[in-house]
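Peer 1: what shape does this take:
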Amino acid sequence: MKQIIIHVDMDAFYASVEVRDDPSLAGKPLIIGALPTERGVVATCSYEARKYGVHSAMNIKEAYRRCPQAVYMHPNFEKYRAVSEQLRKIWYDYAVKMEPIALDEAYLDVTYSAGGFERAGEMAREIKARTRSELGLTCSVGVAYSKTAAKTASEEKKPDGYFEIRTLEDFVNLMIDRDVKSLYTVGAKTAEKLNRLGIYTVRDIRERKDDILERFGKHGQLITELAFGIDERKVVEYKPEDAKSLSREITFQEDTDNYRLLDDVLVLLALSVEDRARRHDLHGKGVTLKLTYADMQNVTRSHAMTTIDDAAAIYTETSRLLEQVEKRPVRLIGAGLYNLTPDEGRQMTLDDYLEGTGEKKQELIDKRLQELQARYGLDFAGHLEDLRHGRVLYRTIEYMRKHFKD
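Peer 2: Reported below is the predicted structural model:
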């Protein structure tokens, strides 16, 4: 049986959740991301803000220049993740396999659960109706024979849209005279290279197939196949244990050359990484330290280990790595685990058999939290649950940066 895939894409997800929860924001340009007084970018924005040319990943200063009258908000990722979980429960009612792309987007394989395009269309409309009635949100949904066609279909009638592309021929007829950037994987840089060859439309790609294969190699193969409507990729079920790494990063509002502060920050990042790993029963076989200096140079340091998932070890190793890097003003710091394995596949270590090891690790964290409380006047130990949330963590670290005391 040929594939039948539904692509669901929420409409301005973060902004829509905020408008739902605060109706006074309805109809106003709303920009979620950094505030105009901060460094950072736009995470997403409402359709009212998009009319002014604001878009995701735009520098927040440029967004403010274009739309100073907008309402600006920090993202609340805990809220968005909770809503995303509700969405996925709806999606799982229809999909045999589901491949989330982000909190607000996923491919659903309904080949066998639908059995045909008629039922797939009914499913898609049910998803839209349930999303509105159960969560008060809208989504755009595409139904198609392939992943590329399904994503194209979901974008065709945004927002709150529905579209079908049932056959390869339907896809080609829809796309053939569109700009090359309308094809999946053709970004601005690739489009520029194609344009330099005199290739501007999907039709041009089809007619210049040999030139593209010669110039672009493997990527060229993908581009030309898509121009002919060919996409055999399957929906791949995502599992947290399939991830290769996880990390937590913080960008400071002002660069800092205070490496004692950075070491303090690593304590909180380590606790956050520990929480994320244990929620998914994952263990790493190495730790990473990431720094972005004020000149935007990125530096990553890593250390391989037998197995690791606890905050004490993450902090100890990243702190040691921090001592080894060049001391220059820092814009961003991150800590993480790599080579992740699920709990059932973890190799037992000597620590697992030694009594008291866990207590000593906890003693280290408790000691560092007490030191942080003395330095910053905050009850870190009493608010660990709150500190695991991104917004609270970010605000706490910014407070630490501003109120550091020797």
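Peer 1: for stretch 47-61, measure first residue to last.
Peer 2: End-to-end distance for stretch 47-61, by Cα to Cα, to the nearest Å: 19 Å.
Peer 1: buried residues, it. List them.
Peer 2: Buried residues in stretch 47-61, counted by 16 or more other Cβ atoms under 10 Å: 48-50, 52, 54, 58, 60. The C-beta positions use only the backbone N, C-alpha and C, and glycine is treated the same way.
Peer 1: looking at those, which is nearest Gly142?
Peer 2: Distances from Gly142 to those, taken as Cβ to Cβ, are shortest for Arg50 (20.0 Å).
Peer 1: next, format the buried residues of stretch 47-61 as TSV and append secondary structure.
Peer 2: Below are the buried residues of stretch 47-61 laid out as TSV (DSSP: H, G, I helix; E, B strand; the rest coil):
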residue	secondary structure
Glu48	helix
Ala49	helix
Arg50	helix
Tyr52	coil
Val54	coil
Met58	coil
Ile60	helix
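Peer 1: most widely separated two among those residues?
Peer 2: Glu48 and Ile60 (17.2 Å).
Peer 1: reformat the buried residues of stretch 47-61 as JSON lines; add distance to Arg368 and pLDDT.
Peer 2: What follows is the buried residues of stretch 47-61, written out as JSON lines (distance: Cβ to Cβ, whole Å; pLDDT from 0 to 100):
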{"residue": "Glu48", "distance to Arg368": "46", "pLDDT": "97"}
{"residue": "Ala49", "distance to Arg368": "42", "pLDDT": "97"}
{"residue": "Arg50", "distance to Arg368": "45", "pLDDT": "96"}
{"residue": "Tyr52", "distance to Arg368": "46", "pLDDT": "97"}
{"residue": "Val54", "distance to Arg368": "41", "pLDDT": "96"}
{"residue": "Met58", "distance to Arg368": "38", "pLDDT": "93"}
{"residue": "Ile60", "distance to Arg368": "33", "pLDDT": "94"}
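Peer 1: now distance to Ala335 too, for those, in JSON lines please.
Peer 2: Shown next, in JSON lines, are these (distance: Cβ to Cβ, whole Å):
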{"residue": "Glu48", "distance to Ala335": "38"}
{"residue": "Ala49", "distance to Ala335": "34"}
{"residue": "Arg50", "distance to Ala335": "35"}
{"residue": "Tyr52", "distance to Ala335": "37"}
{"residue": "Val54", "distance to Ala335": "32"}
{"residue": "Met58", "distance to Ala335": "28"}
{"residue": "Ile60", "distance to Ala335": "25"}
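Peer 1: go through those and name the one nearest Ala15.
Peer 2: Distances from Ala15 to the buried residues of stretch 47-61, taken as Cβ to Cβ, are shortest for Ala49 (7.8 Å).
Peer 1: what sits against the closest one?
Peer 2: Residues in contact with Ala49, defined by Cβ atoms under 8 Å, 6 or more residues apart in numbering, are 15, 29-31, 63, 67, 70.
Peer 1: at 7 Å instead, please
Peer 2: If a contact means Cβ atoms under 7 Å, 6 or more residues apart in numbering, then Ala49 has 29-31, 67, 70 as its contacts.
Peer 1: check the offset of stretch 387-398 from the chain's centre.
Peer 2: On the basis of Cα atoms, centre = their mean, to the nearest Å, stretch 387-398 is displaced by 18 Å from the centre of the chain it belongs to.
Peer 1: and if you look at stretch 30-40?
Peer 2: For stretch 30-40, the distance to the chain centre is 18 Å (Cα atoms, centre = their mean).
Peer 1: next: stretch 218-225.
Peer 2: Per Cα atoms, centre = their mean, the displacement of stretch 218-225 from the mean C-alpha position of its chain is 26 Å.
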